[in-house]
Structures are given as structure tokens and as C-alpha cells.
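Undergrad: Just to be clear, the model below is a prediction. Sequence and coordinates:
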Amino acid sequence: MKELDLFDDLNPEADRPQRDVSHAAWHDHAALLALLQRWVDRGWLRPLDRALVVFLHREVGDGHPLLLLAAALASHQLGRGHVCLDLAQTLAAPNLALSLPPEGDDLSDPPPLPSEILDGLHLDTWRAALTDPMLVGEANHGRAGNTPLVRLDTAGSTRLYLRRYWQYEQDIRHALHGRLTNDLPTPPTDTLRQALEALFGEATATQAHDDAQLDWQKLACALAARSRFSVITGGPGTGKTTTVVRLLALLQALQLGQQQGKGSDRPLRIRLAAPTGKAAARLNESIAKQVEGLSLLELATAASTDGVDIRTLREAIPTEVTTLHRLLGSRPDTRHFRYNPSNRLSLDVLVVDEASMVDIEMMAALLGALPPRARLVLLGDKDQLASVEAGAVLGDLCQRAEAAHYTPETSNWLAQVAGATLPERYQSDHGQALDQAIAMLRVSHRFDASSGIGQLAQAVNRPLSSDHQPKDKRRAVRGVFQQGYADIAHLRLSDSDDPALDRLVVDGNPNGFLNKGRGRAGRDGELPPPTGYRHYLETLAGHRPPADADLEHDRETFDAWARAVIDAYGRFQLLCALRKGPWGVEGLNPRIARALRRQGLIHASDAELERGWYLGRPVLVTRNDYSLGLMNGDIGITLALPLPGQPGETMLRAAFPSNDGSGRIKWVLPSRLQAVETVFAMTVHKSQGSEFTHTALVLPDAPNPILTRELIYTGITRAKDWFTLAESGRGILDEAVLREVTRVSGLT
Ligand SMILES: Nc1ncnc2c1ncn2[C@@H]1O[C@H](COP(=O)(O)OP(=O)(O)OP(=O)(O)O)[C@@H](O)[C@H]1O
């Protein structure tokens, strides 16, 4: 295998003017601190970022102001997903370094913009200020030391890290390097080939020319079977779950077959995990279904000459999925986990789904807690938005996945075990070790050519290139809406008060779909037409247990009611990009609640709507709460239970699914819920790992840097059967699909 090159830097030399025009904040601490305070007052910088500077200044009084400015900006980047500050990029686009308000915000007496402060500053001057042995370690010279900041010089730029994040990156890099270069005994070629044939069938085309002819799932399974670290990435419905279930069956069959010879039957200890409770519950459901439907007879025969017992094999494939926090043993009030490098997890295989949501800190913790000999398999969609926390580990690792870069050695091996010859475009003499461990599934089995959702997601996701210019992409994306697909609708709004938005959230805008959404065939017969929130609120009213029932004696009746309401809620979700303003969660939530109240679907005063609890309020958990067993991302609905001994009186409880496959409901007192928000409108960021029958994405009316290709793609791919795009501003979608998230990290 080639030497691992995770560290290659791609930044070109920044083209900066060669002049220095100094500004007071460049050389005067008081001026710098005053400037930072003004930024904090405006919400452009977090108080935490300034506090770091105050701390560093107090501890090491003569730190250069330009160094302290860089430290404040580096700290600020963490809150925006970047693990470090890239000086050249910051000089090229200074105003992206702070959280400036969206265009059009009215600000009187604004503080100086970063572009004014940094105007005329040359990269070399800034770099020179970043040499302070008390404050900054120099990673390039192996002198990272134990300073609070670490500097890494790359071709054409310099990156400044807060030490903790630099350390995470180092830890991940070393851990992956170890996993990719340590030999793992590969199963005998014949056994593996037969086992793969048993699971996927024989290869039909030995020389494949297009992606649809290749069985990518089989190739992914083969690659993951020979590595301690592997990634299976792919868009929605490309078969990540299907593949991993077969991979687990394969590994377990090989293990049981091998153990037979030794007179033992110790199966592999396999664990499944996901970053959020919601994602875990979803994988739980789909994995359980797939394991049940898996035909294991041929595999059991292929894996061992004596044949593996099928029942033992099936039982040895787990279906229970936990959250990463639970797996690692998260403890309240500390970021340290029970399982860590000095107390490793006891497992042989770990599968992590929705890996795009795993941030750098969690990935470092996870790798640190894994026994060195265990296998780690990451599943996820590399094109989805990354976690809101710092780092986009999956995206970074999969940067080269499109072209695969399989070496001749890998390609030959795949031909032997999977019977397929890869087209040349997926082969490379310069493939890196990491490339050989990554498989990208390229064919969606959920969204075929007749699906507007699939076509739209594809058009949005397609990167720009010399033969796909911005105007082509804009035309392609808009074109999808004009082709008469039955599952997508476009709703044009005049402004944020447009009653069409109310109609969308109340009834789902069926008129926007072909035949009002009627007569569409799904897997299990005709699909119900798209709905809005009326559906779950009518379910709530229609399935309410009789007034004389009570929770203690009629628990199942109440649980069934809650289940029906929660399921009905999953039929529609409005997504938006922003938090603030009329187009953000904060503006949309009360507006939607009022629209539902006008329809007589909810009953609550204005004050209750704004802040309080009311029957029917849907809530999203925003922080893990271990004492209640609720995870970030869980959705619950507020229901009313009869008050024991007080006929006619009720009390509100938020009902959450237990997420453990039991179907039980957790009934939680509203006052015990510390971190929840109303979720009539949900940000696309929070929707990751979830799926809704009808998803409506509403875009703001003004351009905003948060609107990116990844965000739009993630929003669209939350839709299972129906998708509505609602927009008012012209050109917002066009602009968004052309903007890509650039996450600064040094992982690749
Ligand atoms: N090779 C295949 N041939 C036919 N159908 C398939 C194949 N692979 C997967 N499917 C079907 O496509 C659907 C999606 O598969 P699966 O759930 O494995 O995909 P996924 O990538 O995990 O999806 P998600 O977007 O939910 O993460 C399932 O109904 C599955 O049965």
C-alpha cells in the first residue's frame, strides 16, 4: 500500500498586496480589546472568544495584538464548524471570519468590519506576529509544546488552532494511520468470493462500463471485510444499511466458521451506534427489518466446510442501535467519557451510522476508546451538512471518494473476490491507503429516474466543473421543477405574510402537486397525499382516550394514542435555514402556531404560544438528558392526561417515543424538560438523521452565507415521499446551490 497521505495541503498561495497599513488594534492591546468588545456587543463575536483573549493577555502580557486577534478569530471559527483559522483565507475574505448579520439588517453605528481591520495586512506580517513561544507551539518543527495555541504552516498559508482541536486532529490522524497500516488477516480469497456470492449473487458483468452495472454494495462489503477502518458513503437509499447488514453477516459467518475449527463458537462482539437518538432509532428499525429478511443459508454453507448454524448466525447479528454518547459512557458535567484510551470498549466491530454528523471531538474520543484490533465501519452521506460542532470528518475523509483511486492491487483483489473489473476512471497508481478503505455507493434504490426528489437532490449535489458551469447548474436545478414530477412542488411566496405559507403548513399544499398528490403508487400500494400539520392535530383529537381513562390503568391506550400522534407528526415537517428573523425558526414557530390556532386546531393564548406549553405543541430536544433518557434530536408531542381523582381536569405531558423498539412512550412533565424548543419549524441542521413523509423547505428572502449546496441537499433528502420548496426571494435557490461549505481543517 502507498504511504498514507492524509496531510496533503491544497491551499494555493494567497495573492495579497505587499503593503502594510497599520491599524490601532494591530499594535495596541487596549484598542484590540475595545474592538473585540464592540464585536461582542453586536453579536458578531461570542463573549467566549473575547474571554480567551483576555485570559491570554492576562497570562502572557506582551502577546502581540495581531496574535491575540487571530486567537479570537480562531476561537470564533469553532462555533461555526471550522477547527482552525486559516490566515490566508481570512485575509482573502475577512468578513467571513465573524458572524455578521444577513444582508439588509439595519445597524446604526456599526463597528469596523474585519475587512477594515485587516485591510493592508500582509500574510507575512500576520505570520510573524504568531511566533511567541509562550503562546504558540509550532507544529511544523515538532515543537507543538504545551502552549494554548498551535500554529501549522502549510503551503501558502498558516493555520492557527486552539490546542485542544489541534490535538484532536493529531489523534484522529494517528489512529486512522494505525488502523489503515496494521495488517488484518484477510479471509482466504475463495472463501470470501463464495461468501460474497452467497450474499450478493454472482457478478453479471465482468467488465462494467457504467455505475449501474457494478455492484457497488458488493465491492463496499469486500473492501470493508479486509480493513480495520472503512467508510461506506452514499446518498439516500443507495443501500448503506443493506450493505452493512450483509457485511455483519459476512464477518460473523467467517468468524463462526473459523471458531468451529477451534471447537469454540465465540461470535464477534458487534455494536451499532449513531450520533443522535433519532438516527439510532431509525437505523434500529431498518436494520431489524433487514436482518429478519436476510437469507443466510448459502452464506452459512460458504463460510465453512461444515456449515455454520443459521440460527446462531442470525442471532449473532445485532439489531440494537445506541447513541455514541451512551456507547462511550458520557458523564454529566464533563467532556470525558467512561471509555477512553485507558479503558477501552470491549467490542470487535463498531458500525457508526450518520457519520457525517460526528464532529472532530467525538471522532477523536471514539477512536481513542476503540481497541486497536477492533474494526470501525463508518456509514454516511458525505455530501450532507456536517455537524454543527467543529469538524467535518466524514466529508474530509471522503474528499477523493468520487474517483475512488483504487490501486492496481486493490482492483485486482476486487476482481478476484467480487468478480468485477473496475472501469479505469476508478483506478489510480497513486491511490492512498485511505482511498482503499472507502467505498461510495452510487445507485439509489429508493429514488429512481421517475422521482423528482432524487433528480432534484442529484442536480443540487452535482459539483461545478468545466463542463458544468454555474448557469448549467442553475438551469438543471430549476428544470427539475418543470418536468412534471409527481413528488415535488414549488411554492412561490410573495413575502413572509403570504397566506400560501399558512396553507402549506396546515394542509401540506396538495394543490401544488400533480393530481393533488392522489393516485401515486408506493411500495405498499397507493401513497396517501401530502399532508400538513392538520393531520397530526386531527389524529390527536380523534384518537384521544375516553375521559374516564387514566394513565395508571390504561397505559397501553394512552401509549397507542401518543404513538399515533407521533407517527402522524412524522408525515410533515417544515424546515428552514435560519434561526432568527421572519424566515427563521424564531419567526416561523409562532406564526405557524397562530395559523393552526385560526383553524381551531390548537387552543392557546398568545403568551402560551410564545413561551408556554399547550396541547399539541411539538418539541425538539436540543441537548442529551440522560436522567430522562432523552437525546438531542428527539421529537415529542405535548398531550393532556386526566388528573387522577379530579374528573374533567387534565395535566400536560410531553410524549416521546422510547426509541428502544419496545413502542413504549415516555411521558415527561414539561417542567423537567430543560432544553427543548417548539419544532413546527426546524433548522435543516437539526433535521439531519431524520426523515419525514412530506418535507417542506422554506428559504429566506435574502441571500445568506448559511445557504449552501449542502444545506439544500440535506433538506431535500429528508423527504421520503413528498417535497415542497417554498421561496419568496428571486434567485435565492440559484445562489445557494452554487455555494459550497468550506470547512477549514487540516485532516486532509
Ligand atoms: N441492491 C438492491 N436492490 C434492490 N433494492 C435495494 C438494494 N439495496 C437496497 N435496496 C432497497 O432500497 C431501500 C434503501 O436501502 P437502504 O435502507 O439500505 O439504504 P440507505 O442508504 O441505508 O438509506 P438511507 O437513506 O435511509 O440511509 C430499501 O428499501 C432497500 O431494501
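TA: Thanks, I have the structure now.

Undergrad: quick one, domains of the chain?
TA: The chain breaks down by the TED database into domains covering 20-162, 182-441, 452-602+679-738.

Undergrad: okay, how far is it across the longest one, tip to tip?
TA: It refers to domain 182-441. Taking CA to CA, to the nearest Å, domain 182-441 runs 26 Å from one end to the other.

Undergrad: the strands in the stretch 551-700 of the chain, which residues?
TA: Ranges of strands in the stretch 551-700 of the chain, per DSSP state E, counting those that start in this stretch, are 572-576, 618-621, 635-642, 650-657, 665-668, 676-678, 681-683, 692-698.

Undergrad: thinking again about what came up before, now the domains of the chain in TSV, with distance to residue 643 and mean pLDDT?
TA: Glycine gets a C-beta too; all of them are placed from N, C-alpha and C. Formatted as TSV, the domains of the chain follow (distance: least, CB to CB, whole Å; pLDDT from 0 to 100):
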stretch	distance to residue 643	mean pLDDT
domain 20-162	43	84
domain 182-441	30	88
domain 452-602+679-738	9	91
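
Undergrad: In a markdown table: the ones you listed, plus mean neighbour count and distance to residue 616.
TA: Converted to a markdown table, these look like this (neighbours: other CB atoms under 10 Å; distance: least, CB to CB, whole Å):
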| stretch | mean neighbour count | distance to residue 616 |
| --- | --- | --- |
| domain 20-162 | 18 | 31 |
| domain 182-441 | 20 | 20 |
| domain 452-602+679-738 | 19 | 5 |
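
Undergrad: I'd like to know which of those domains is closest to the ligand.
TA: domain 182-441 (3.4 Å; CB to the nearest ligand atom).

Undergrad: What are the phi and psi values at residue 178?
TA: phi -60, psi -40 (degrees, to the nearest 10).

Undergrad: Quickly note the distance from residue 527 to residue 562.
TA: 25 Å (CB to CB, to the nearest Å).

Undergrad: my bad, should have said residue 133
TA: 61 Å.

Undergrad: just residue 657 next, same as before
TA: With distances taken as CB to CB, residue 657 is found 8 Å from residue 562.

Undergrad: do residue 186 as well
TA: Residue 186 is 49 Å from residue 562, by CB to CB.

Undergrad: List the residues that contact residue 134.
TA: By CB atoms under 8 Å, 6 or more residues apart in numbering, the residues touching residue 134 are 60, 63, 147.

Undergrad: how about a cut-off of 10 Å?
TA: 56, 59, 60, 61, 62, 63, 145, 147, 148, 149 (CB atoms under 10 Å, 6 or more residues apart in numbering).

Undergrad: can you check residue 640 too?
TA: Counted by CB under 10 Å, 6+ apart, residue 640 has contacts 540, 544, 614, 615, 616, 649, 650, 651, 652, 653.

Undergrad: before we move on, what about residue 566?
TA: 536, 539, 618, 635, 636, 637, 639, 655, 656, 657, 665 are the contacts of residue 566 under CB under 10 Å, 6+ apart.

Undergrad: would you turn these into TSV with distance to the ligand?
TA: What follows is the contacts of residue 566, written out as TSV (distance: CB to the nearest ligand atom, whole Å):
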residue	distance to the ligand
536	22
539	25
618	22
635	18
636	22
637	23
639	29
655	25
656	22
657	18
665	24
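
Undergrad: Most neighbours out of these, which is it?
TA: residue 636 (28 neighbours; other CB atoms under 10 Å).

Undergrad: Can you give me the pLDDT of the nearest residue to that residue once chain neighbours are set aside?
TA: The shortest distance from residue 636 to any non-neighbouring residue, by CB to CB, 6 or more residues apart in numbering, is to residue 656 (3.9 Å). On pLDDT, residue 656 comes in at 95.

Undergrad: Number the chain from 709, please
TA: With the count now opening at 709, the last piece we talked about shows up as residue 1364.

Undergrad: correct me, but residue 1364 touches residue 1273?
TA: No - between residue 1364 and residue 1273 there is no contact, the gap being 11.4 Å when judged by CB atoms under 10 Å.

Undergrad: Between the two, which contacts overlap?
TA: Contacts common to residue 1364 and residue 1273, judged by CB under 10 Å, 6+ apart, are 1344, 1345, 1373.

Undergrad: Can I get those in CSV including pLDDT?
TA: Below are the shared contacts of residue 1364 and residue 1273 laid out as CSV (pLDDT from 0 to 100):
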residue, pLDDT
1344, 96
1345, 97
1373, 93
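
Undergrad: Return the closest of those residues with respect to residue 1219.
TA: Minimum distance to residue 1219 across these is 27.0 Å, recorded for residue 1345 (CB to CB).

Undergrad: Bridged to that closest one, which residues?
TA: Under the criterion DSSP bridges, residue 1345 forms beta bridges with residue 1326, residue 1363.

Undergrad: Touching, it and residue 1251? I think so.
TA: No - judged on CB under 10 Å, residue 1345 makes no contact with residue 1251 at a distance of 11.9 Å.

Undergrad: Common neighbours of these two, please.
TA: Common neighbours of residue 1345 and residue 1251 (CB under 10 Å, 6+ apart) are 1270, 1273, 1276.

Undergrad: Which one of those residues is nearest to residue 1112?
TA: Nearest to residue 1112 among those, with distances taken as CB to CB, is residue 1276, at 42.8 Å.

Undergrad: Report the contact partners of the closest one.
TA: Residue 1276 makes contact with 1239, 1241-1248, 1250-1251, 1345, 1401, according to CB under 10 Å, 6+ apart.

Undergrad: Could you look up the SS state of the nearest residue to residue 1415 once chain neighbours are set aside?
TA: Computed as CB to CB, 6+ apart, the closest residue to residue 1415 that is not its neighbour in sequence is residue 1444, at 3.7 Å. Using DSSP: H, G, I helix; E, B strand; the rest coil, the secondary structure recorded for residue 1444 is helix.
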